[in-house]
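Asker: build me a model from this:
(one chain, ligands or ions: 1)
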Amino acid sequence: MIKQHVAWVCHDCGVTHGKWYKDGEYVGPPNHYATMHYDTCDVCGKHNVICTEPRDYGYLVGRSD
Ligand SMILES: [Zn+2]
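Answerer: Below is the predicted model of the structure:
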């Protein structure tokens with residue numbers, strides 16, 4: 001169940017749903033730095049996984065937050 005507002009997204013979800021990843025390959029801008037930390041992923045709900053903001057994955061497909 002995806003929440004209304006996604007604050008944190010884990011790496012797995014970012015690669016799967018992020019617009020900067022195509023078929024598992026990073027296609028976003030070079031030299032983009034993300035602030036990774038352990039948190040709860042708002043997309044898959046996993047706890048204590050490496051998370052960052054959705055914008056660090058070019059935002060998630062079908063979402064604007
Ligand atoms: Zn996730």
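
Asker: tell me where this structure has strands.
Answerer: 9-10, 21-22, 25-26, 37-39, 49-52 (DSSP state E).

Asker: out of these, which comes closest to the ion?
Answerer: strand 9-10 (3.4 Å; C-beta to the ion). All C-beta spots, glycine's among them, are computed from the backbone N, C-alpha and C.

Asker: the most centrally placed residue in the chain: what's it in contact with?
Answerer: Taking C-alpha atoms, centre = their mean, the centroid of the chain lies closest to G14, which sits 3.2 Å from it. Going by C-beta atoms under 8 Å, 6 or more residues apart in numbering, G14 touches 21, 52, 54, 56-57, 60.

Asker: pLDDT at it, what is it?
Answerer: Listed pLDDT for G14 reads 95.

Asker: from W20, how far off is it?
Answerer: For G14, the distance to W20 equals 8 Å [C-beta to C-beta, to the nearest Å].

Asker: overlap in contacts of these two?
Answerer: Joint contacts of G14 and W20 (C-beta under 8 Å, 6+ apart) are Y57.

Asker: can you name the two of the contacts of G14 that sit furthest apart?
Answerer: Based on C-beta to C-beta, the longest span within the contacts of G14 runs between Y21 and T52 and measures 13.1 Å.

Asker: quick one on the thing from earlier: quick check: which of the strands of the chain is buried the most?
Answerer: strand 9-10 (a mean of 26; mean count of other C-beta atoms under 10 Å).

Asker: how far does that strand sit from the chain's center?
Answerer: 4 Å (C-alpha atoms, centre = their mean, to the nearest Å).

Asker: do the same with stretch 21-33
Answerer: 12 Å.
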